[in-house]
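requesting a structural model of the entry that follows:
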Amino acid sequence: MTGKADFTPEEWDLVREGPTAAGMVTLTAEKGGTFRESWAMAKEYTEARNEHGESELLDALVAEKPDAKRYDSPQELESVGLQHLTEAVALLEQKATPGEVAGYKKFVMQVAERVAEAHKEHGAEVSDAERAAIEKLSAALNPTPA
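From the prediction side, this is the model:
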């Protein structure tokens, strides 16, 4: 099993940033509902341990307080967040088992989806902007080979 000790502090920061970045990219995709969406992100962290089964990697991720980095704009958050997600997955593919990589991707997407579903936008459970953000997150987690 892969855990925090298998990463340098810089690598761990990159891996740890992913789920929070996914939630924040989704949260900033549409205005409104910020409190509910933030609560949904926190709740997903709390419930993650029960939903993902035995994983030292996910245990370590959810045991630490999410660290939201500061960005100057939602566009910068999206650009940097998506790039860091792609880098985190590439790093995990080198150091973790395929099951742990899949679990990480699932957790990241569940955070984004819970945030999107937390507040109805324009009468819809998930707005078009949130759906587009989720598609970008999925692409960042599953980049096409060059």
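
for the rest of this, base every contact and every neighbour count on C-alpha atoms.
Noted.

quick one, what contacts residue 95?
In this structure, residue 95 makes contact with 2, 6, judged by C-alpha atoms under 8 Å, 6 or more residues apart in numbering.

same check, this time on residue 82
Contacts for residue 82 (C-alpha under 8 Å, 6+ apart) come out as 21-22, 136-137, 140.

secondary structure element for it?
helix 74-95 (DSSP states H and E).

state the mean pLDDT of that helix.
With pLDDT averaged residue by residue, helix 74-95 scores 94.

centre of the chain to it, how far?
Counting by C-alpha atoms, centre = their mean, to the nearest Å, helix 74-95 is centred 9 Å from the centre of its parent chain.

with stretch 66-85 instead?
11 Å.

start and end of it, how far apart?
The separation between the terminal residues of stretch 66-85, taken as C-alpha to C-alpha, to the nearest Å, is 15 Å.

for stretch 56-70, same thing?
Counting by C-alpha to C-alpha, you get 28 Å between the two ends of stretch 56-70.

buried stuff in it?
57-62, 66 (16 or more other C-alpha atoms under 10 Å).

which helix or strand contains the residue nearest in space to the middle of the chain?
Within the chain, one residue has its C-alpha closest to the average C-alpha position: by C-alpha atoms, centre = their mean, that is residue 19, at 2.2 Å. Under the criterion DSSP H and E, the helix or strand holding residue 19 is helix 9-27.

mean confidence for that helix?
For helix 9-27, mean pLDDT is 91.

angle of the helix or strand just after it against helix 9-27?
On the C-terminal side of helix 9-27, the nearest following helix or strand under DSSP H and E is helix 34-52. Comparing the axes of helix 34-52 and helix 9-27 via axes from the mean of the first three to the mean of the last three C-alpha atoms, to 10 degrees yields an angle of 120 degrees.
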